[in-house]
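Engineer: Just need the structure, nothing else, for what follows:
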Amino acid sequence: MKKNYFWLIGIILLTVTIIYSCKKEDIPSCECEKEDIPLCNKEDSISTPVSDINTKIIAHRGYFNTPGSAENSLTSLIKASKIGVFGSECDVYITLDGIPVVHHDGFIKEFGIQNTNYNVIQNIKLANGEILPTLSQYLKTLKALDDIILFLEIKPHNSNERNMRAANIVSTMVKEEELENRVVYISFSLDICKELIRISPKTPVGYLNGDLKPLELKNLGFSGLCYYYPVIINNLNWICEAKEIGLSVSVWTINSQEQMEYFIKQGVDFVITDEPILLMDVINNCKQSN
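Structural biologist: Numbers count the residues shown, from 1 in each chain. Coordinates of the predicted model:
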């Protein structure tokens, strides 16, 4: 009786083991779940040692998120310098009669900047009460500060001829102010970028559009990539690839602490942000952590 009892238990245990093994083989991998949770594939991630953190802060449209300032105002550039960031970013359009002005949108009030003469818009005020600044005023202010660089974005214009004109007008003004070593040109327009590379070989040029790989940029003469953060997240290997061939890596626009910590750990060179004070704190905390 006892022999039959132990024999029956053995059969049951063997059956359970076989069933469990089959079910285990049928369980699908959780790759989809893994991809939904982290920002990137962990195998592609870089973990920058604390001692090697060298991410630099670029204030997006200047330091505007503070009393008395406004996006792309002269005050935003001055305030960016005062808080000690490495650089400030601005946006440039060319008026119909060839005057470069600093403004993010293609329209100011009801006027399309590209199709309007400067005298029509020259007295329009920004949110902080300043009048619309010209690039000439912006560059003179930059030169007087002497402790900050400028990421100068030339906006795409509505024809290739105007793109070429914009690149040449801006480049000439930068050279006249002797600021070639304190400006980084950036643009979504590949044509503008190519022209800047041709006529301003001493000044770094970064591409914004996100559709070219690092090696393609290198072969075109770019000094760096400057991509929207989801592009970098989806192509984390581009950070290493860029650095291996001597390109800088900039990412925009990073405004949350979580994103800041993430890209600092990825070892990007420049973070463009609307929150430069927060980014300063995050960088300091990262350097102090073990």
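
Engineer: In the stretch 1-150 of the chain, what residue spans correspond to strands?
Structural biologist: Here the stretch 1-150 of the chain has its strands, by DSSP state E, counting those that start in this stretch, at 56-59, 87-94, 100-102, 107-108, 111-112, 149-154.

Engineer: which residues touch the fourth one?
Structural biologist: Just to be clear, that refers to strand 107-108. Contacts of strand 107-108 with the rest of the structure, by Cβ atoms under 8 Å, 6 or more residues apart in numbering, involve 113, 121, 124, 132. All C-beta atoms are positioned from the backbone trio N, CA, C, and that covers glycine.

Engineer: Show me the one of the strands of the stretch 1-150 of the chain that comes nearest residue 69.
Structural biologist: Across the strands of the stretch 1-150 of the chain, residue 69 has its closest neighbour in strand 56-59 (10.1 Å, Cβ to Cβ).

Engineer: Partner strands of the closest one, with direction?
Structural biologist: Counting by DSSP bridges, the strands paired with strand 56-59 are strand 87-94 (parallel), strand 270-273 (parallel).

Engineer: Centre of the chain to that strand, how far?
Structural biologist: 10 Å (Cα atoms, centre = their mean, to the nearest Å).

Engineer: Show the buried residues in the contacts of strand 107-108.
Structural biologist: With neighbours counted by 16 or more other Cβ atoms under 10 Å, those contain buried members at 113, 121, 132.

Engineer: Among these, which are located in helices?
Structural biologist: residue 121 (DSSP state H).

Engineer: possible to save the buried ones among the contacts of strand 107-108 as JSON lines with pLDDT and distance to residue 79?
Structural biologist: Shown next, in JSON lines, are the buried ones among the contacts of strand 107-108 (pLDDT from 0 to 100; distance: Cβ to Cβ, whole Å):
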{"residue": "113", "pLDDT": "98", "distance to residue 79": "24"}
{"residue": "121", "pLDDT": "98", "distance to residue 79": "24"}
{"residue": "132", "pLDDT": "98", "distance to residue 79": "18"}
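
Engineer: circling back to that earlier point, relative to residue 257, which of the strands of the stretch 1-150 of the chain is closest?
Structural biologist: strand 56-59 (13.9 Å).

Engineer: How about residues contacting that closest one?
Structural biologist: For strand 56-59, using Cβ under 8 Å, 6+ apart, the contacting residues are 76, 80, 83, 85-89, 151, 250, 269-273, 276, 279-280, 283.

Engineer: and these, which are buried?
Structural biologist: By neighbour count, with 16+ other Cβ under 10 Å, the contacts of strand 56-59 hold 76, 80, 85-89, 151, 250, 269-273, 276, 279-280, 283 as buried.

Engineer: just to revisit the earlier point, for the strands paired with strand 56-59, give me JSON lines that also has mean pLDDT and distance to residue 231.
Structural biologist: Putting the strands paired with strand 56-59 into JSON lines (pLDDT from 0 to 100; distance: least, Cβ to Cβ, whole Å) gives the following:
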{"stretch": "strand 87-94", "mean pLDDT": "98", "distance to residue 231": "17"}
{"stretch": "strand 270-273", "mean pLDDT": "98", "distance to residue 231": "13"}
